[in-house]
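[1] Make a model of this:
(one chain, ligands or ions: 1)
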Amino acid sequence: MEVLRIRGGNPLRGEITVSGAKNAALPIFAATLLTDEECVIDNVPDLSDVRYMAEILGCLGAKVERQGAHGWSFKAENIHSKAPYDLVRKMRASVCLIGPLVGRLREAEVSLPGGCVIGPRPIDLHLKGLGKLNCDLRISNGYVHIDGHAMRGGDLFLGGRHGSTVTGTANLLMAAVLAPGRTRIESAACEPEIVDLCGMLKAMGAEISGVGSHHLTVEGVEKLHGCHYRIISDRIEAGTFLIAGAITGGDLTVCGTQPNHLSALLDKLEEAHIETEIVGEDKIRVIPGGKRRPVDLITLPHPAFPTDLQAQMCALMSLTPGLSILTEKIYPNRFMHVPELQRMGADIAIEGPSAIIKGKETLSGAPVMASDLRASAALILAGLAAQGETWIQRIYHIDRGYERIDERLRGLEADIVRLPASEMPQEILEEG
Ligand code: EPZ
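    Residues are numbered from 1 along each chain as shown. Just a heads-up that it's a prediction; the model follows:
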């Protein structure tokens, strides 16, 4: 087991380039099942979740080849339709295998994903949509069995009590592109990762209109061909780095971004009196100085403030004197980072779906526990700005979504190292 040791107080300085988007790569990998021709995917982040999805595709029968650190090729000539529990349960995103398996094979047998620490992860909207495409669904022994042999286009509505569903939209798009007839998806997710998936599907010959809106129309085609596709940059990683620059009072330029994917965050940073500057096409600079102010924010589907940056903003507001209120409307329980930030001295109270934060001048380093991907990122940010040493355990959560995070932050003058757990001070080992 490995841990991160962070000695806080260094303002981050320099430039960092964003990786490809994890949440685009995962459905795009799944989409390679839709053709028996080769698909080559570039700008893929080197993450455990991505390697894991590639492993699952291999288990389904696809020929998978790595092409350097950030390239993969897939050829799904002879595949079968059963995604086993022991693979699906480890990664919720594997649920987006359902759509391409139904689209290509007209059947799928996929284990139902469990919940996770950020809350229940139902797929009722996915299944409701498949029913509207005239698929027969049966749930038994923790698996959903889908018979799509009579599948045809239909009219779907993907709105749920927490807004639309991102992977649900991906699943239904990937089923509909090979379903005979027209499919209209109302209340579709319009996250940039869905736009990217549509770009790849169209590169394969799919006919999709309304891309980027909540109203998608798909004209089913007989067959899709292979493609060579480059994934968009990761807006959540870019946002995490921008917040890292802000929380440490550094002068940091994040390169390879798509600023139009970060409008909600840039708006909130401006409200917090954190100066940023868009430099050229794809660089965003955080500029030090100015007195930060507290903010109120609510997470909602894109283009509103993304839930995947809520934990990182909690860390920033914990070190911003004044009262901030962060309300989580996508995953109301997504506050696993709060008890750990409190160990570092943060003054946060949870009231229903809101974190009420009384920002402080300083936080103190402490041994903390990572719990999920974005909560872990929040702990790194807090550690970078805290006084003293922060030890973060269970950092495998971080490696799921941030490539070589310690090495890249060291390149920005952060004092952060990855060590074997045995190197932790005795008192932490005993406490643990
Ligand atoms: C995607 O998850 C992302 N993951 C998540 O990022 C992200 O937080 C989430 O979208 C919201 O933006 C990937 O893309 C791999 P949803 P997804 O279906 O698709 C409810 C990260 O940190 N819902 O849009 O699983 C659901 O409970 C991860 O990178 C239903 O009620 O999320 C939630 O409250 C975490 N029924 C809300 O909708 C359904 O059938 C949004 O879920 C589906 C979802």
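
[2] where does residue 163 fall, phi/psi-wise?
    Dihedral angles of residue 163 (phi, psi; degrees, to the nearest 10) stand at phi 100, psi -160.

[3] Spit out the contact partners of the closest residue to it other than its chain neighbours.
    Nearest non-adjacent residue to residue 163, counting by C-beta to C-beta, 6 or more residues apart in numbering: residue 301, 4.0 Å away. All C-beta atoms are positioned from the backbone trio N, CA, C, and that covers glycine. Taking C-beta atoms under 8 Å, 6 or more residues apart in numbering, we find residue 301 in contact with 163, 164, 189, 190, 191, 330.

[4] same thing but at 10 Å, please
    By C-beta atoms under 10 Å, 6 or more residues apart in numbering, the contact list for residue 301 reads 159, 162-166, 187, 189-191, 214, 307, 329-330.

[5] Equivalent analysis for residue 300, please.
    162, 163, 264, 306, 307, 327, 328, 329, 330.

[6] Please report how far the nearest residue to the first one once chain neighbours are set aside lies from the ligand.
    Read that as residue 162. Closest residue to residue 162 apart from its sequence neighbours, by C-beta to C-beta, 6+ apart: residue 330 at 5.3 Å. Distance, residue 330 to the ligand, by C-beta to the nearest ligand atom, to the nearest Å: 5 Å.

[7] Just say helix, strand or coil for residue 330.
    Look at residue 330: counting by DSSP: H, G, I helix; E, B strand; the rest coil, its state is coil.

[8] Does it touch residue 353 like I think?
    Yes: Residue 330 lies in contact with residue 353 (C-beta atoms under 10 Å); the separation is 9.5 Å.

[9] what's the overlap in contacts for the two?
    298, 299.

[10] For residue 380, see how far away the residue nearest to residue 162 is.
    Residue 330 sits 22 Å away from residue 380 when distances are taken as C-beta to C-beta, to the nearest Å.

[11] who has more neighbours, these two?
    Between residue 330 and residue 380, counting by other C-beta atoms under 10 Å, residue 380 is the more crowded of the two (27 against 21).

[12] Provide the secondary structure category for that one.
    At residue 380, secondary structure determined by three-state DSSP is helix.

[13] Torsion angles phi and psi at the nearest residue to residue 236 once chain neighbours are set aside?
    Leaving aside its chain neighbours, residue 236 sits nearest to residue 308 (4.5 Å; criterion: C-beta to C-beta, 6+ apart). With angles defined as degrees, to the nearest 10, residue 308 sits at phi -70, psi 0.

[14] Repeat that for residue 223.
    Note on residue 223: backbone dihedrals following degrees, to the nearest 10 are phi -150, psi 150.

[15] which residues touch it?
    Going by C-beta under 10 Å, 6+ apart, residue 223 touches 34, 35, 36, 37, 104, 178, 204, 205.

[16] Cross-check those against the ligand and keep the overlap.
    Among the contacts of residue 223, not one lies near the ligand by C-beta under 6 Å from any ligand atom.

[17] now, which of those lie within helices?
    With DSSP state H as the criterion, helices contain residue 104 from among the contacts of residue 223.

[18] Tabulate the contacts of residue 223 (JSON lines), appending pLDDT and neighbour count.
    Shown next, in JSON lines, are the contacts of residue 223 (pLDDT from 0 to 100; neighbours: other C-beta atoms under 10 Å):
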{"residue": "34", "pLDDT": "98", "neighbour count": "26"}
{"residue": "35", "pLDDT": "98", "neighbour count": "22"}
{"residue": "36", "pLDDT": "98", "neighbour count": "16"}
{"residue": "37", "pLDDT": "98", "neighbour count": "16"}
{"residue": "104", "pLDDT": "98", "neighbour count": "24"}
{"residue": "178", "pLDDT": "98", "neighbour count": "24"}
{"residue": "204", "pLDDT": "98", "neighbour count": "21"}
{"residue": "205", "pLDDT": "98", "neighbour count": "16"}
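
[19] Sounds good, over and out.
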